[in-house]
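Novice: no sequence on this one, just coordinates:
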């Protein structure tokens, strides 16, 4: 009887331990916060590409810089959440985190159709 009681008590303790462990361990996606700010520069006349309703950088306006953007920026180098407002980015402002902005050349290379 004592042996059976000890076995039941040990089983109960193990179950409680496993339930506690499984509820206390959780993995959540981290929230990406802006790591710094960048002051916008006014583009030279005619240098901002405004195709597809794109905005141009505004001089003095602060744009958030994200260093925790998705890996897509490494692959296609077009997610401008850490760079922007310069000639190599058509003087477009920085993208928010998790937004991928691709050029026509990248869309064509990936076979992504253009949407009007």
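Specialist: Received, thanks. The structure presented is a predicted model; accordingly, all values stated were derived computationally and were not measured.

Novice: what mean pLDDT would you report for stretch 39-46?
Specialist: The average pLDDT for stretch 39-46 rounds to 82.

Novice: start to end distance for it?
Specialist: End-to-end distance for stretch 39-46, by C-alpha to C-alpha, to the nearest Å: 20 Å.

Novice: how about the strands in the protein?
Specialist: In the chain, the segments counted as strands under DSSP state E are 36-39, 62-65.

Novice: Which one, of these, ends up nearest to residue 12?
Specialist: strand 62-65 (51.8 Å; C-beta to C-beta). Quick note: C-beta positions are derived from backbone N, CA and C, even for glycine.

Novice: which secondary structure elements does that closest one contact?
Specialist: For strand 62-65, the elements it packs on are strand 36-39, judged by 3 or more C-beta pairs under 8 Å, 6 or more residues apart in numbering; DSSP states H and E.

Novice: In the strand it packs on, which residues are buried?
Specialist: Within strand 36-39, the residues scored as buried using 16 or more other C-beta atoms under 10 Å are residue 38.

Novice: for stretch 46-55, same thing?
Specialist: Neighbour counts over stretch 46-55 (16+ other C-beta under 10 Å) mark residue 48 as buried.

Novice: What's the end-to-end length of that stretch?
Specialist: 13 Å.

Novice: same check, this time on stretch 48-63
Specialist: 17 Å.

Novice: Just the residues contacting it, thanks.
Specialist: For stretch 48-63, the external contacting residues (C-beta atoms under 8 Å, 6 or more residues apart in numbering) are 37-43, 84-85, 90-94.
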